[in-house]
Every structure is written in structure tokens, then in C-alpha cells.
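J.: need the 3D shape of this:
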Amino acid sequence: MSVRAHSPALATAAVVLLASFIGCAGEEASSPAASERTRTETETSEAAASAAPEPCSLLTADEIEAATGIAPGPGQDVAGACAWSAADGSIGNLVTLTVQHGDVTREQWLTIGDEEDIIEGVGDFAVQVGSQIQVFQNGWLVGVKVDRTVAPEARTELARSAHAKLAA
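T.: The predicted structure follows:
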């Protein structure tokens, strides 16, 4: 796995930009086909957003405690993400889970990322981006970040748990 520093926000923006670019390649913006595709993509995007899984439903307190060794407080919905603090107040952002539309293939990811960042056996594929694991599954991107004081393996374990619910 790469030890390079990556910005999760930058990598996520690059993935979204890449997906947009690949989807638009070969069509003029003013063509009727492009206009129809844009309208259809907007409708699809709106439908996908309304069907987005609730982030706080993808992990349980027991799963978080098993992975991190720290009992979490209740999950808090924060702008489309779910954040868990340590129940005893010792860690403000123990685990953060985000869900967004992310219909990206492994091959598309490899145009901006490295093979060594890919984590096998989670979702359609998953990547390590800085302190976050991003799981791509069925057109969704699930990001899992844990506090830096928690063992890195906890991210992978929580990503697998969230993925199992997303795939169901």
C-alpha cells in the first residue's frame, strides 16, 4: 500500500470529474443527444440521491466498537454523512461515514490512482486515499474514515461492514 499523502477531498473530486469527463467524451454540448443525455442524467442523479442509503444505517455501535475497541456514542447525521464520537467524549470524530453517487470503474480509478492503493475484496473495488477508505459498490461511493489514534485495520473492517449492508 502506498504511504504517499493523498487528500481525500481532492481524490473524490478527481473521481467525480473523471466520471463526468468519460461520460461526456465524444458529444458536443449543444447536440440534441447531449441535451437529452444531460436531462436524463439529471433525472437519474436526482432519483439516485433520493434513494441514497442513510449513512447512519450502514454501521452499528457494536460494529464500530468491535473494529476500534472504543464504544461510540450515537451516530449524528451531518450534511449527508454520519459521524460517531467516542461515548466517553475522548474522541470527537471516532468514525465518519459518507455516502454519495460514485459510478466509477476500477479502470477509471487507475487513470488517476495507483494499483497499490486498491484494497481487494471490498465492494466492486475500494481504495485507500489518505486516512479514508473509499468503497465503490453498485454506483455508490462509501467513504470510511477513523480517528488517527485507531488502528488502520479498523477502516477496512468498517468498510466491509458498510459494504455488506449496501450490497444487500
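
J.: in space, what's closest to Ala61 - neighbours in sequence excluded?
T.: Pro72 (5.3 Å; Cβ to Cβ, 6 or more residues apart in numbering). C-beta: built from backbone N, CA, C; applies to glycine.

J.: in which helix or strand does Leu166 reside?
T.: Leu166 belongs to helix 153-167 when assigned by DSSP states H and E.

J.: list the buried residues for that helix?
T.: Within helix 153-167, the residues scored as buried using 16 or more other Cβ atoms under 10 Å are Ala154, Arg155, Thr156, Glu157, Leu158, Ala159, Arg160, Ser161, Ala162, His163, Leu166.

J.: from the residues you listed, which is closest to Trp140?
T.: For the buried residues of helix 153-167, the closest approach to Trp140 (Cβ to Cβ) belongs to Leu166, at 6.2 Å.

J.: off-centre distance for the helix holding Leu166?
T.: 11 Å (Cα atoms, centre = their mean, to the nearest Å).

J.: same question, stretch 68-83
T.: Worked out by Cα atoms, centre = their mean, stretch 68-83 lies 15 Å from the chain centre.

J.: going by neighbour count, list what's buried in that stretch.
T.: Thr68, Ile70, Pro72, Gly73, Gly75, Ala81, Cys82, Ala83.

J.: okay, the residues you listed in JSON lines with secondary structure and pLDDT next?
T.: Formatted as JSON lines, those follow (DSSP: H, G, I helix; E, B strand; the rest coil; pLDDT from 0 to 100):
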{"residue": "Thr68", "secondary structure": "helix", "pLDDT": "95"}
{"residue": "Ile70", "secondary structure": "coil", "pLDDT": "96"}
{"residue": "Pro72", "secondary structure": "strand", "pLDDT": "97"}
{"residue": "Gly73", "secondary structure": "coil", "pLDDT": "97"}
{"residue": "Gly75", "secondary structure": "coil", "pLDDT": "96"}
{"residue": "Ala81", "secondary structure": "strand", "pLDDT": "94"}
{"residue": "Cys82", "secondary structure": "strand", "pLDDT": "97"}
{"residue": "Ala83", "secondary structure": "strand", "pLDDT": "97"}
